[in-house]
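J.: Please work out how this folds:
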Amino acid sequence: MTNEDVRSALLMMAQAVTTRAQAMKSQATRGVEAHVNPIVSTMASRLKDFMMMNPLVFLGSKVGEDPQENVDEVYKVVNSMGVPSIEKIELASYQLKDVSQVWFTQWKNNRPAGAGPIEWEVFKEAFFGRFFPCEK
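T.: Down below sits the predicted model:
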């Protein structure tokens, strides 16, 4: 791909963005609003707010990770945000990476059909059961 090809592609993209922006502005000035699902919008904004709080990430494979500290910190964030009980686990799962994310996905998928939303205490018990070191 030559520089001229790249320049041409960028010019076309800029024109497309400009055209789209003009169409959106025109639509807004006519008083027509795009339909937004309030539940999705609320969850998206909660996720954005949650991530901005920079809660701890838990890998489940790193020496010295403290599962209790992770659960306490994540709970503190979701609780201070006023997140409804059913959404707490969904947000908390965004901070699970690597081994802990694989565990969570398998645990969630293996729950009985019709088990309903996951309550925080149920998640916490399962999480601690998996990630607290066994004492001998």
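J.: Could you check how far the nearest residue to residue 99 once chain neighbours are set aside is from residue 112?
T.: Distances taken as C-beta to C-beta, 6 or more residues apart in numbering place residue 60 nearest to residue 99, at 3.6 Å, with adjacent residues excluded. Heads up, the C-betas are built off the backbone N, CA and C, glycines and all. With distances taken as C-beta to C-beta, to the nearest Å, residue 60 is found 24 Å from residue 112.
J.: Neighbours of residue 2, how many?
T.: Counted by other C-beta atoms under 10 Å, the residues lying close to residue 2 total 7.
J.: Tell me how far it lies from residue 16.
T.: 21 Å.
J.: The closest residue to residue 118 other than its chain neighbours sits in which helix or strand?
T.: Closest residue to residue 118 apart from its sequence neighbours, by C-beta to C-beta, 6+ apart: residue 89 at 4.6 Å. Element membership of residue 89 [criterion: DSSP states H and E] is helix 85-93.
J.: What is the distance between that helix and the centre of its chain?
T.: The chain centre lies 9 Å from the centre of helix 85-93; the measure is C-alpha atoms, centre = their mean, to the nearest Å.
J.: and the next helix or strand after it with helix 85-93, angle?
T.: Sequence order places helix 99-109 as the next helix or strand after helix 85-93, per DSSP H and E. Computed with axes from the mean of the first three to the mean of the last three C-alpha atoms, to 10 degrees, the direction of helix 99-109 lies at 150 degrees from that of helix 85-93.
J.: who touches helix 99-109?
T.: 58, 59, 60, 61, 93, 96, 118, 126, 130, 131 (C-beta atoms under 8 Å, 6 or more residues apart in numbering).
J.: let's see it at 10 Å
T.: Contacts with helix 99-109, where a contact means C-beta atoms under 10 Å, 6 or more residues apart in numbering, come from 57-62, 65, 67, 70, 89, 92-97, 115, 118, 123, 126-127, 129-131.
J.: Give me the buried entries from those residues.
T.: Buried subset of the contacts of helix 99-109 (neighbour count, 16 or more other C-beta atoms under 10 Å): 58, 60, 67, 70, 89, 92-93, 95-96, 118, 123, 126-127, 131.
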